[in-house]
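Colleague: Here is my input; please provide its structure:
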Amino acid sequence: FQRQGQQVTSLIGQTFPNTALLAAAAIGFALLVGGALGAWVSYRPDSFWDKALLTFSSLGMSLPSFFTAVLFAWVFAYLLGPWTGLNLTGSLYSVDDYSGERYLNLKNLILPALTLGIRPVGVILQLTRNSLLQVGAMDFIRTARAKGLRERTVFFRHLLPVASNPIITTVSGWFASLLAGAVFVEIIFGWNGMGKLLVEALNTRDLPITMGCVLVIAALFVVLTTLVDVLYAVLDPRIRAEFF
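Modeller: Sure, this is the predicted structure:
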């Protein structure tokens with residue numbers, strides 16, 4: 001289990017945090033933008049903004065990550081690079097050409113995270129909208145509003161906890177998928193992550209590293225699925241009553 005004198009666990013340990021940070025930034029961006037826009041248009045069904053955002057979200061969902069990566073790199077790093085200050089390629093840590101010291105460069109995280117976050121933005125937007133509309137039509141929500149509760153209270157205490165179940169499932173699934181499927185984005189942007197390590201291992205037929213990466217990804221899927229089941233019981237009163 002050696003590659004160039006290094007342990008497989010050491011190589012994965014060096015690259016996995018970069019991939020995890022990239023996936024977390026992408027899913028955080030998707031949850032913030034998609035969730036907020038989905039909740040906003042759920043109060044404006046069939047309006048102009050509802051139809052426009054649904055159209056753009058469907059377009060974003062249909063774009064493959066490698067195409068979005070090339071497009072974003074060309075527009076924001078090549079054409080608009082002098083104004084945005086973004087680089088075509090780069091990893092989490094950069095090396096000074098003169099001193100050789102490593103320094104944190106979060107600017108290189110922006111384009112890969114936006115690229116990976118575009119597709120889940122569309123999914124979360126549509127799912128949030130549909131889930132809130134469906135739960136909002138239920139009797140207990142109408143009863144809460146009939147009691148004179150403020151809409152903010154109805155939304156955060158009654159509507160959102162019940163409507164969040166499919167959203168949590170989607171977010172956890174996408175996070176695990178981004179950990180496993182960030183290969184093209186990491187290669188295009190030169191991000192030193194586990195996906196890039198896996199491709200290099202496959203090209204050189206390095207089975208120990210390939211097996212190690214696959215094992216880590218499989219374990220993450222199991223852990224995330226278990227955490228989702230626990231979150232269901234915490235957020236949804238109906239499921240919490242069954243457990244406790």
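
Colleague: Now do the same for the nearest residue to Asn108 once chain neighbours are set aside: helix, strand or coil?
Modeller: Excluding the flanking residues, the one nearest Asn108 by C-beta to C-beta, 6 or more residues apart in numbering is Gly90, at 3.6 Å. (Glycine included, C-beta is placed from N, CA and C.) Recorded secondary structure, Gly90: coil (DSSP: H, G, I helix; E, B strand; the rest coil).

Colleague: ok, Gly90 touching Asn192?
Modeller: No - taking contacts as C-beta atoms under 8 Å, Gly90 lies outside contact range of Asn192: 9.3 Å.

Colleague: Ramachandran angles for the residue nearest to Asn108?
Modeller: Phi and psi for Gly90, reported as degrees, to the nearest 10, are phi 160, psi 150.

Colleague: can you pull the contacts of Val216?
Modeller: Going by C-beta atoms under 8 Å, 6 or more residues apart in numbering, Val216 touches 12, 16, 194.

Colleague: check which helix or strand covers it.
Modeller: Assigned by DSSP states H and E, Val216 belongs to helix 207-235.

Colleague: same question, Gly122
Modeller: helix 110-136.

Colleague: next structured bit after that helix?
Modeller: Criterion used, DSSP H and E; the element after helix 110-136 is helix 139-146.

Colleague: which residues touch whatever helix or strand comes next after that following helix?
Modeller: Heading C-terminal from helix 139-146, the first helix or strand you meet, by DSSP H and E, is helix 151-153. Outside helix 151-153, the residues within contact range by C-beta under 8 Å, 6+ apart are 144-145.

Colleague: before we move on, the earlier item: could the contacts of Val216 go into TSV alongside distance to Leu132, neighbour count and pLDDT?
Modeller: TSV is the format used below for the contacts of Val216 (distance: C-beta to C-beta, whole Å; neighbours: other C-beta atoms under 10 Å; pLDDT from 0 to 100):
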residue	distance to Leu132	neighbour count	pLDDT
Ile12	39	19	87
Phe16	35	19	88
Met194	35	29	87
